[in-house]
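> Give me a 3D structure for the following:
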Amino acid sequence: MKGIIREVAMFAATLSCGMWVSVSYERALQKQTTHSKTDSSQSEIRQRAEAERRLSDELAVVNSYKVGMTRAQLLEWFTPAMGLSSASSGSFDLRTNSCIKVDVRFSVTKDLDGRAVSGGDDQIIRISRPYLDCRNMG
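Residues are numbered from 1 along each chain as shown. Prediction:
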């Protein structure tokens, strides 16, 4: 019984000086910080893995487009990029990630006046490798 009373007295004395509270608070804070850092790094790892998976999927889509496909097929996944373009060529942004672009040339038909006319049946005669360009993000 004396041992318990002495421990309670030491606890009360330590508590009154604030040392025990301080040590306990620091330990709790360290545990929380360590736990938080672990959660944060695991969250970052998951976010990076998800971003890499998305980018890999997007590049697979981009790389599936080949010479001989049509403008209509291209426009399923791409939109015309801002800037100069014509009926026979232009830059296109991937719909799911507008930073990913390709430059495309099409074979086009001409109207009676000799002007190029674009249509969904125009065939791709050249398509660039995909590249990143995020300048128009905003």
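> Give the bridge partners for Arg105, please.
Ser89, Arg126 (DSSP bridges).
> any idea which residue sits dead centre in the chain?
Nearest to the mean C-alpha position of the chain, by Cα atoms, centre = their mean, lies Ala51 at 4.5 Å.
> Dihedrals phi and psi, it?
phi -60, psi -40 (degrees, to the nearest 10).
> ok, it to Leu75 distance?
Using Cβ to Cβ, to the nearest Å, Ala51 is found at 26 Å from Leu75. C-betas here are computed from N, CA, C, even on glycine.
> do the same with Phe106
Applying Cβ to Cβ to Phe106 and Leu75 gives a distance of 11 Å.
> Pick out whichever of these two has more residues nearby.
Shown here are Phe106 and Leu75; by other Cβ atoms under 10 Å, Phe106 has more neighbours (22 against 13).
> Now do the helix or strand Lys101 falls within: which elements does it pack against?
In this structure, Lys101 sits in strand 97-107 according to DSSP states H and E. With contacts defined as 3 or more Cβ pairs under 8 Å, 6 or more residues apart in numbering; DSSP states H and E, strand 97-107 has these neighbours: helix 19-63, strand 89-94, strand 123-127, strand 131-132.
> What residues sit buried inside the third one?
What it means is strand 123-127. By neighbour count on 16 or more other Cβ atoms under 10 Å, the buried set for strand 123-127 is Ile124, Ile127.
> Extract the CA atoms of it and return them as CSV.
Output of strand 123-127 as CSV, limited to C-alpha atoms (Å, rounded to 0.1, in the frame of the first residue of the first chain):
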residue,chain,number,x,y,z
GLN,A,123,-7.4,9.8,-93.5
ILE,A,124,-4.4,10.4,-91.2
ILE,A,125,-1.3,10.5,-93.4
ARG,A,126,1.1,11.5,-90.6
ILE,A,127,0.8,11.6,-86.8
